[in-house]
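Q: Requesting a structural model of the entry that follows:
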Amino acid sequence: MLKMAILGFLRDFPLHGYDLKNRVASLAGHVRPVADGTLYPTIKKLEDAQCLTRRTAPGSVAAPRHMLEITQTGTDQLRRWLRDPEPGFLTDDNKWYVLLAFLHHLENPREQALVLARRREFLDTPAQLFFDEHGAPIPPERLDSPFRKGLMQIHRSTNLTEIDWLDRQIAELNRRAGFTATAKDRA
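A: Predicted coordinates for the structure are as follows:
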């Protein structure tokens, strides 16, 4: 997730490490704060993999700054991750939000629609959040906690809103790509 966010932000434009950290924190940091001890080693790994480069630029006030720029190798890697995301990027909301933030870098509308359709397919599966002592799912109407009922109501409401957006976006992307899908194929 961090690698995708780094390359995604650098695909927008070159950034100084501190600026990059703030942008990543704004996107995902409210859930998972980004520590320097995580960010900078990840940047170094991406640099070693030739996905990004550093160049020295004049500082706005004092010392020169190291600007990070994505390379063609990094752009190609980002597009691969976006085109064929690991299942966790479709099922984990935090990872999904990172993927969604950069999906515009996958410039083919048909490919974008296919990624959205995979998320839509995941959302079609009813969530089972609570189970009885035998491991059987407890239907929302049988939950005895008002907080768990509330959680399920919020979860359902959020999913329905996302499904509505996904359906509209998939249809628009397919229209732009000149692809007409039936309701069954959605994408």
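
Q: Would you mind checking the average pLDDT for stretch 7-15?
A: Average pLDDT, stretch 7-15: 95.

Q: how's this structure carved up into domains?
A: The chain breaks down into these domains under automatic domain parsing: 2-79, 108-177.

Q: Same list, those domains, but as JSON lines with mean neighbour count and distance to Asn94 please.
A: From N, CA and C alone the C-beta is placed, and that goes for glycine too. As requested, those are exported to JSON lines (neighbours: other C-beta atoms under 10 Å; distance: least, C-beta to C-beta, whole Å):
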{"stretch": "domain 2-79", "mean neighbour count": "16", "distance to Asn94": "5"}
{"stretch": "domain 108-177", "mean neighbour count": "14", "distance to Asn94": "13"}
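
Q: Any idea which of the ones you listed gets closest to Pro87?
A: Shortest separation from Pro87 across the domains of the chain is recorded for domain 108-177, at 8.4 Å, computed as C-beta to C-beta.

Q: Could you pull out the helices in the chain for me?
A: Here the chain has its helices, by DSSP state H, at 2-12, 17-24, 36-48, 72-83, 88-91, 93-102, 109-124, 146-177.

Q: Next, the angle from the first one to helix 36-48.
A: Put simply, helix 2-12 runs at 60 degrees to helix 36-48, going by axes from the mean of the first three to the mean of the last three C-alpha atoms, to 10 degrees.

Q: counting contacts, what elements does helix 2-12 pack onto?
A: Other elements packing on helix 2-12 under the criterion 3 or more C-beta pairs under 8 Å, 6 or more residues apart in numbering; DSSP states H and E are helix 17-24, helix 36-48, strand 52-57, strand 65-70, helix 72-83, helix 93-102.
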